[in-house]
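Enquirer: Pasting the sequence and the predicted model now:
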Amino acid sequence: MRGRLHHLAMGGIVTLALCLGVAWLSASPTWQTVPENMALLRLSFTHSGDRSASCRNRTPEELAKLPPNMRATQVCDRRRPPIYVELEVDDTLIYAAESTPSGLAGSGPSRLYERFLLPAGVHVLRVRMRDSPASEVFGYEATRKVDLKPGQSFVIDFRKDSGFVFN
Amino acid sequence: MTGIRTTLKRGFDRVERPLDRLFGPDWNPLANLGPLGWYMFWIVTATGIYLFIFFDTGVVKAYQSVKWLSETHWFHAGVARSLHRYASDLLVVLMLVHLVREWAFDRYRGRRWFSWITGVPVIWFVYMSGITGYWLVWDKLAQYVALTTTELLDALPFFAEPIARNFLTPESLSSRFFTLMVFLHIAIPLLLLLLMWIHIQRITSARTKPPRGLAVLTLAALVAASLAMPAVLQGPADLSTFPTRVGLDWFILGLYPVIDLVPPSVIWTGALLITFLLFGLPWLPRRKEAEAAQVFLDFCNGCTRCEADCPYTAITMVPRSDGAPFPQEAKVDPDKCVACGICMGSCPSSTPFRRSGPLITGIDLPGRPLEALRAEVIAVAADLSGPGRVMTIACEHGAAGAPEKGRVILPCVAMAPPSLFDFILSRDLADGVCIAGCAERECYNRLGRRWTEDRIARTRDPLLRARVPRERLLTVWAGPSERAHLARERHAFSERVAAMEPMPGKRTLDPGESGMADGDAVTEENAK
């Protein structure tokens, strides 16, 4: 019995020390996820490439060969073209890439999620996108001057009807 | 690899010895890692169910409910939350130490591969359970974890829409997401429980409960730590900002800083490589194991003792196949048998006294049959001389695992039937027998120490015969680093034995009892 009391006391001290150590390590030391005075910029949106360039009208002969209920005049590639996106910060190009369409057949929209760390302060953001291979012109473009606070999360999204959205 | 393993094994032995003194061998936490892991799981489950009563799923309500239970109701729900977290952390510690210890003790390969392999997914599920739990609090740490995890997951080509888009702005996150997370945080631990159950399927009498005293100590310490250092809450998540500094749970989220610094492809490749390496370890290299135990039906009456004593569920009783008037016979599954010999020690036919014919027992080890063991004991006795002759029956995993004069080394001391000790003493092969097994805290073959003690105490079949003087048997349970302790005990025992009156009724061997020539024939027969 006396031995057990000894084990309870000594074992208890060791176990308590272990549990306190576990409790401390469950929240300490802290981790600096990004350097001080930085802000997070995320460029993320979903958009389908314009596949109209690949469309053509069927000839009358082709249409005649089809069942009556399938005689759509226009036929397009199932696969969508990739979209091309560029992002400039203070006139410096920091991102330029093609985003391929999703889906096994490449028929889904292109999806983009990119993150950048920027020093806090005033920046000019310029983003543009080309969604058709038929043109060298950027169909969508927007510029915004922003004052980023340290630790701020800033997002550039896109809506087809209103273009780029800055949050 | 063997060198690292041996060093680690000795390291564990050296750390565990002082813990034996502090806790007592039966409460030693390092010898109870599995049972403690189960215990932590149940503490986490119980506190989780309790917390769920107060938890509210919602973008705003989640944090508010956790803040309410942590601050306003700190004395019950707050303590439960801290217990939930610290027991989860302790579970991670126990699991990882258990993993390293089983590797160091070489209990992960050969026929013990199953427990190792089924333990690997347990690691993944423990981490997934913990990570999904951190999301639910929806404080700044949760925000960091959610964002980092989803960005890591999005690197895999499985998700149509980037999951991280859910965390772009405050408006993009819906309360439904929390309902999904609650579901995951319940479903993943349930699958974890299933995996833990599978993990222990190939061992007999699996210990899933720690000794009561150790359980009380651990729970009391966890409660005390919960009261002294309550689990912190790191301010409400705000998706318009990004947490630049977080108090990280280094047990469950210890990999997150690496995720921050290394590309996702490297993280996934590393995680997969480590997982495959863990899966492949039992075959890198594969252990050459002794041949599995073999049943000899002419000497098996289906008494079930071997089935009851096998630590690895390798023996089952099946209907009699030879027409003998017994309902059952023992059957060995060679894929599960580790050739520890405990079944041989449990068989009532394992008596070295037999004089007629070859010495065959009901269940024998082809690589180390009882006949050969008897011959070895007789040969070792020839090395003993003078007063206080002590023969050591040793476990190869304990302090007496290295060859030495007067020592017979076995895979497990429970391989020696009690009649062997009787044989040694009554045939004047030695004046005393030292049974030197593994450290008391834990038997390498799980149940060998327990069965040996019970047999000697005459509480478990096969019993030590009443005519064997108990004082002529010494049991020493000592690990590989306790050789000096063993030598001291053995020396003192030798002096005690030398001072005893001669043992009544002892006599020298009959010619038929040594049976060396016959033994060779039996070994050959067994090999066939």
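Expert: Received the coordinates, thanks. Numbering: from 1, shown residues only, chains lettered A, B, ... in the order given.

Enquirer: CA only for contacts and neighbour counts going forward, please
Expert: Fine.

Enquirer: Helices of the stretch 351-500 of chain B, residue ranges please.
Expert: B:370-381, B:418-426, B:448-456, B:483-498 (DSSP state H, counting those that start in this stretch).

Enquirer: Comparing these, which comes out most buried?
Expert: Between these, helix B:418-426 has the highest mean count of neighbours, a mean of 23, where neighbours are mean count of other CA atoms under 10 Å in any protein chain shown.

Enquirer: which helix in chain A runs the most residues?
Expert: helix A:2-25 (DSSP state H).

Enquirer: Can you add distance to chain A and give the helices of the stretch 351-500 of chain B back as TSV?
Expert: Shown next, in TSV, are the helices of the stretch 351-500 of chain B (distance: least, CA to the nearest CA, whole Å):
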stretch	distance to chain A
helix B:370-381	38
helix B:418-426	30
helix B:448-456	20
helix B:483-498	20
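
Enquirer: can you list the ones you listed in CSV and add distance to B:Pro121?
Expert: CSV is the format used below for the helices of the stretch 351-500 of chain B (distance: least, CA to CA, whole Å):
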stretch, distance to B:Pro121
helix B:370-381, 41
helix B:418-426, 42
helix B:448-456, 29
helix B:483-498, 38
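
Enquirer: isn't B:Tyr175 right up against B:Ala62?
Expert: For the record, residue B:175 is Ser, not Tyr. No: here B:Ser175 does not reach B:Ala62: they are 9.1 Å apart, not a contact under CA atoms under 8 Å.

Enquirer: Give me the more crowded residue out of those two.
Expert: Each of B:Ser175 and B:Ala62 had its neighbours counted (other CA atoms under 10 Å in any protein chain shown), and the higher figure belongs to B:Ala62 (22 against 14).

Enquirer: List the residues that contact that one.
Expert: In this structure, B:Ala62 makes contact with B:55-56, B:136-138, judged by CA atoms under 8 Å, 6 or more residues apart in numbering or on different chains.

Enquirer: how about a markdown table for these, with secondary structure, pLDDT and neighbour count added?
Expert: Rendered in a markdown table, the data for the contacts of B:Ala62 read as follows (DSSP: H, G, I helix; E, B strand; the rest coil; pLDDT from 0 to 100; neighbours: other CA atoms under 10 Å in any protein chain shown):
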| residue | secondary structure | pLDDT | neighbour count |
| --- | --- | --- | --- |
| B:Phe55 | coil | 94 | 22 |
| B:Asp56 | coil | 91 | 19 |
| B:Leu136 | helix | 94 | 25 |
| B:Val137 | helix | 94 | 27 |
| B:Trp138 | coil | 94 | 29 |
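
Enquirer: who does the worst-scoring helix or strand of chain A on mean pLDDT touch, helix- and strand-wise?
Expert: For chain A, counting by mean pLDDT, DSSP states H and E, strand A:74-75 ranks last in confidence among helices and strands (a mean of 90). For strand A:74-75, the contact count by 3 or more CA pairs under 8 Å, 6 or more residues apart in numbering or on different chains; DSSP states H and E identifies strand A:56-57 as packing neighbours.

Enquirer: Can you name every helix or strand that the helix or strand that the strand it packs on is followed by contacts?
Expert: Beyond strand A:56-57 on the C-terminal side, the first helix or strand identified by DSSP states H and E is helix A:60-65. Other helices and strands packing on helix A:60-65, by 3+ CA pairs under 8 Å, 6+ apart, are absent; none qualifies.

Enquirer: which residues in the chain form strands?
Expert: No chain in the question, so chain A it is. For chain A, the strands identified by DSSP state E occupy A:30-32, A:38-47, A:56-57, A:74-75, A:83-89, A:92-99, A:110-119, A:121-130, A:140-148, A:153-159, A:163-166, in order along the chain.

Enquirer: wait, I meant chain B there
Expert: In chain B, the segments counted as strands under DSSP E are B:245-247, B:294-295, B:315-319, B:328-332, B:363-364, B:390-395, B:407-410, B:432-437, B:473-477.

Enquirer: Export these as CSV, with columns for distance to B:Arg17, mean pLDDT and mean neighbour count.
Expert: Putting the strands of chain B into CSV (distance: least, CA to CA, whole Å; pLDDT from 0 to 100; neighbours: other CA atoms under 10 Å in any protein chain shown) gives the following:
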stretch, distance to B:Arg17, mean pLDDT, mean neighbour count
strand B:245-247, 35, 95, 19
strand B:294-295, 37, 97, 22
strand B:315-319, 34, 97, 16
strand B:328-332, 36, 97, 21
strand B:363-364, 34, 96, 28
strand B:390-395, 18, 97, 28
strand B:407-410, 23, 97, 23
strand B:432-437, 15, 97, 28
strand B:473-477, 12, 97, 21
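
Enquirer: residues making contact with the least confident helix or strand of chain A?
Expert: A:55-58.

Enquirer: Note down every partner strand of that strand and its orientation.
Expert: For strand A:74-75, the paired strands and their directions (DSSP bridges) are strand A:56-57 (antiparallel).

Enquirer: mean confidence score for the partner strand?
Expert: The average pLDDT for strand A:56-57 rounds to 92.

Enquirer: Below-threshold pLDDT in chain A: ranges please.
Expert: Across chain A, the stretches falling below the confidence threshold (pLDDT under 70) are A:1-2.

Enquirer: Report the central residue of it.
Expert: For chain A, the residue lying nearest the average C-alpha position, counting by CA atoms, centre = their mean, turns out to be A:Tyr113 (1.0 Å).

Enquirer: So for B:Arg320, what's the nearest residue that isn't a sequence neighbour?
Expert: Excluding its sequence neighbours, the residue lying closest to B:Arg320 (CA to CA, 6 or more residues apart in numbering or on different chains) is B:Gln328, at 4.6 Å.

Enquirer: Could you tell me which residues of the stretch 151-300 of chain B lie near chain A?
Expert: The interface of the stretch 151-300 of chain B toward chain A, taken as CA under 8 Å from any CA of the partner chain, is made up of B:160-162, B:164-165, B:168-169, B:213, B:217-218, B:221-222, B:224-226, B:229-232, B:239-251, B:257, B:260.

Enquirer: Among the residues you listed, name the buried ones.
Expert: For those, a neighbour count by 16 or more other CA atoms under 10 Å in any protein chain shown gives the buried set as B:161-162, B:164-165, B:168-169, B:217-218, B:221-222, B:224-226, B:230-231, B:239-251.
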